[in-house]
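1. coords please:
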Amino acid sequence: MSAYRQILYHIVFRTKGSEKTINQAHFVELKKYIWGIIKNKKCVLYRINGMEEHIHILSDLHPSLALADYIRHIKVSSSKWMKESGLFPYFRGWGIKYCALTYSYKERDIIINYIKNQQEHHKKENFQDEIKRLFKEHGIDGDEKWFWIDS
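-> Got it, this is the predicted structure:
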């Protein structure tokens with residue numbers, strides 16, 4: 001069975017407790033590891049970046065995968081690797097929740113640039129305000145406080 005798709009997911013997830021435990025000195029290694037996970041799932045990574053307490057990924061999703069399973073695999077595999085590598089000694093794990101926003105292929109370059117410029121972006125807006133804004137921009141009703149729950 002063939003499937004044609006052009007759905008891009010902007011995925012955001014955070015460290016447990018939003019602790020700043022992603023050592024930026026080794027972030028390149030983490031990005032490469034997550035890229036390998038994505039590639040092994042037959043998905044395409046368009047961009048990955050983040051800060052000490054969260055990750056942004058722009059990816060497509062292979063039609064054989066469920067979004068929740070895909071994100072769970074990325075989080076579980078990368079968490080295990082981060083703990084075993086010794087490169088992220090204070091990392092305790094990822095928060096339970098995630099945010100996955102859909103975009104059309106036409107919007108790809110805009111989102112790539114947004115993710116690429118995270119370090120500059122977060123000089124002006126903290127992570128909590130970023131999530132509030134993203135939810136509002138995407139018409140996600142309700143309180144975004146569920147995103148910050150760790151249990």
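2. number of nearby residues for the nearest residue to Gln6 once chain neighbours are set aside?
-> Nearest residue to Gln6 in three dimensions, chain neighbours excluded: Tyr105, at 4.3 Å (Cβ to Cβ, 6 or more residues apart in numbering). Bear in mind the C-beta positions are built from the backbone N, C-alpha and C, glycine included. For Tyr105, the count of nearby residues is 12 (other Cβ atoms under 10 Å).
3. quick one: Tyr105 and Arg5 touch, right?
-> No: the criterion here is Cβ atoms under 8 Å, and Tyr105 misses it with Arg5 at 9.6 Å.
4. sec struct for Phe147, please.
-> Three-state call for Phe147 (DSSP: H, G, I helix; E, B strand; the rest coil): helix.
5. determine the number of other residues adjacent to Asn117.
-> For Asn117, the number of neighbouring residues by other Cβ under 10 Å comes to 11.
6. check the one 10 residues further on too.
-> The number of residues packed around Phe127, counting by other Cβ under 10 Å, is 18.
7. do Ala100 as well
-> Other residues near Ala100 come to 16 when the count uses other Cβ under 10 Å.
8. can you tell me the closest non-neighbouring residue to Glu52?
-> With sequence-adjacent residues excluded and distances taken as Cβ to Cβ, 6+ apart, Glu52 is closest to Lys20, at 3.5 Å.
9. circling back to that earlier point, how close does the residue nearest to Gln6 sit to Phe127?
-> Relative to Phe127, Tyr105 is positioned 27 Å away (Cβ to Cβ, to the nearest Å).
10. what's the answer for His73, then?
-> Going from His73 to Phe127 by Cβ to Cβ gives 24 Å.
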